[in-house]
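>>> when you get a sec, could you give me coordinates for this:
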Amino acid sequence: SADELVLFLGTADRNYTELTDDNTDFSLDFNTQFNLNDENTVEVKYGLSSFSRSREAETLRIGYSDINGGTNLSSSFDGVTDIDEIINEENINNQLIAIRSETNPSDAYEATWDLTAYYLMGEFFLGDWSKWLVGARAEDSKLVVDTFTTGSTVFAPVAIKAEVDDSDIFPSLNSTLFLTEELQLRLGYYQTKNRPDFRELANASFVDPEDGDVIKGNPDLVSALVDNYDARIEWYFSDTESVSFSYFNKSFDKPIERTLVTGGSLITFENAESGDLSGFELDFKKEFELNGNLSAFLNGNYTMIESEVQLVVDTVARNTEMQGQPDSLINLQIGLDDLEGGREYTIVYNHQGETMYAVAEQGLPNVVKEPRGELNLNFSQEIDSGIKVKAKLKNITDEAISLTQGGNIYREYKKGFEVSVGLSIPL
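Next comes the predicted model:
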């Protein structure tokens, strides 16, 4: 019938991945204070840091077929819809199902990342109306990923190397203007760089463990330079209570975007030409004294975000939202503390607005992650001298994660409800 479910062996596989990382980190930080006069000082902070990371990754892919190498099931399996009744030890031993290796040389890669950084910054006051922080950070970074081309075979492997070599100096300038004793304005500019990670660079495919997407890296990626601008006004109406409102802007050169390869079965990464992200954020914190033993608090923030990237897809320039950036964020915390009983209760709600998931090729609609909320509950009970029992209920409402393309369901799944209990013991 039209509703009959048909299973193909070619769509069934098992992947086994082994990944080994070795990391070495080192840093030195110094602080020196200079007295300009009796009232003014300059605090100078400087230092260096270095790290070296290496990775070896290998994936073993196992596929299935009939005994002759075909992917269509024999008539003896007509009407069987449970994959475990098809692929099992008995059918393999009876030569109804065969195991085959689908591992390619590009399923393994080796990678290294070496970075050395130096920083210098000075902090000083101008009278009693402002504080300034001026600095710069120099970074020397080299990323190398070695793997093989997708068309390589075990008998004819073709090596391919991805290398991202950066040497930069990033300036920063921040100021705090004291408008009144309770009101202050913060202004800031700083420059950063977003570098691709190992998996984004490796010409190797891997399966995302959360959503099941097959993702392949791009060895031609380059780093993205980001100019950051921030303005924030803060009102502190007590030592622990405040309201703030901020504007932020990020300007990207060559941002890294997630793209959906034609056919919808593979996701990879591309450098866009440029990008811009800006928005507003409202943040607040309020405490309530209920009685001598009970207190409560309410924290929250709301963020509205607009973003745009200029990305060349199939030789055609397109303007679209930035991948991974929701159009809004809501975070809310409500807490109750029983000081005498040593108990703490916290309700946490997070909501993420519509988010670009992946840019599609050939003029097809982009894949979008629909808005979704998550509700969590945390509990803590002190039992003796700082020893606490903690319990967490995560994703209580278990709203579905829904990905759509042109209004149609691309993928939909649920993360599930989580319960955890732990014991905290101070040392």
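
>>> so S76 touches N94, yeah?
No. Between S76 and N94 there is no contact, the gap being 10.4 Å when judged by CB atoms under 8 Å. Yep, even glycine has a C-beta here, placed from its N, CA and C like the rest.

>>> assumed E281 was part of a helix.
No. If the criterion is DSSP: H, G, I helix; E, B strand; the rest coil, then E281 is strand and not within a helix.

>>> for it, give me the pLDDT.
Per-residue confidence at E281 stands at 98 (pLDDT).

>>> and D128, by the same measure?
The model reports D128 with a pLDDT of 87.

>>> from R186, how far off is the nearest residue to it once chain neighbours are set aside?
If the residues on either side of it in the chain are set aside, D128 comes closest to F178, at 7.0 Å by CB to CB, 6 or more residues apart in numbering. Distance from F178 to R186, counting by CB to CB, to the nearest Å: 11 Å.

>>> cool, and T180?
As judged by CB to CB, T180 and R186 stand 14 Å apart.

>>> between the two, tell me which one has more neighbours.
R186 (16 against 8; other CB atoms under 10 Å).

>>> any weak-confidence spans in the stretch 101-250 of the chain?
For the stretch 101-250 of the chain, not a single residue meets the criterion pLDDT under 70.

>>> what pLDDT does the model give the most centrally placed residue in the chain?
Centroid check for the chain by CA atoms, centre = their mean gives G324 as the closest residue, at 8.3 Å. G324 carries a pLDDT value of 89.

>>> same question, T262
61.

>>> can you give me the strands in the stretch 251-400 of the chain?
For the stretch 251-400 of the chain, strands defined by DSSP state E, counting those that start in this stretch occupy the ranges 256-260, 267-271, 274-289, 294-313, 316-320, 328-338, 343-352, 355-360, 367-369, 372-384, 387-394.

>>> redo the ones you listed as TSV? Include distance to A136 and mean neighbour count.
Shown next, in TSV, are the strands of the stretch 251-400 of the chain (distance: least, CB to CB, whole Å; neighbours: other CB atoms under 10 Å):
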stretch	distance to A136	mean neighbour count
strand 256-260	25	22
strand 267-271	26	20
strand 274-289	24	16
strand 294-313	28	17
strand 316-320	33	13
strand 328-338	31	16
strand 343-352	35	16
strand 355-360	33	22
strand 367-369	38	21
strand 372-384	40	14
strand 387-394	41	15
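
>>> quick one, which of these is nearest to D239?
strand 274-289 (9.9 Å; CB to CB).

>>> tell me the angle that closest one makes with strand 294-313.
Angle of strand 274-289 versus strand 294-313, following axes from the mean of the first three to the mean of the last three CA atoms, to 10 degrees, is 170 degrees.

>>> show me what strand 274-289 is packed up against.
For strand 274-289, the elements it packs on are strand 242-253, strand 294-313, judged by 3 or more CB pairs under 8 Å, 6 or more residues apart in numbering; DSSP states H and E.

>>> please save the CA atoms from it in PDB.
Extracted in PDB, the C-alpha atoms of strand 274-289 (Å, rounded to 0.1, in the frame of the first residue of the first chain):
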ATOM      1  CA  SER A 274      31.000  39.600   5.900                       C
ATOM      2  CA  GLY A 275      28.500  39.700   8.700                       C
ATOM      3  CA  ASP A 276      26.900  42.000  11.200                       C
ATOM      4  CA  LEU A 277      25.200  41.300  14.600                       C
ATOM      5  CA  SER A 278      23.600  43.800  16.900                       C
ATOM      6  CA  GLY A 279      21.000  43.900  19.600                       C
ATOM      7  CA  PHE A 280      19.700  45.200  22.900                       C
ATOM      8  CA  GLU A 281      19.700  43.500  26.300                       C
ATOM      9  CA  LEU A 282      17.600  44.300  29.400                       C
ATOM     10  CA  ASP A 283      19.000  42.800  32.600                       C
ATOM     11  CA  PHE A 284      17.600  43.000  36.200                       C
ATOM     12  CA  LYS A 285      18.100  41.500  39.700                       C
ATOM     13  CA  LYS A 286      15.800  42.000  42.600                       C
ATOM     14  CA  GLU A 287      15.800  40.500  46.100                       C
ATOM     15  CA  PHE A 288      12.900  40.200  48.600                       C
ATOM     16  CA  GLU A 289      13.100  39.700  52.400                       C
END
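
>>> alright, calling it a day.
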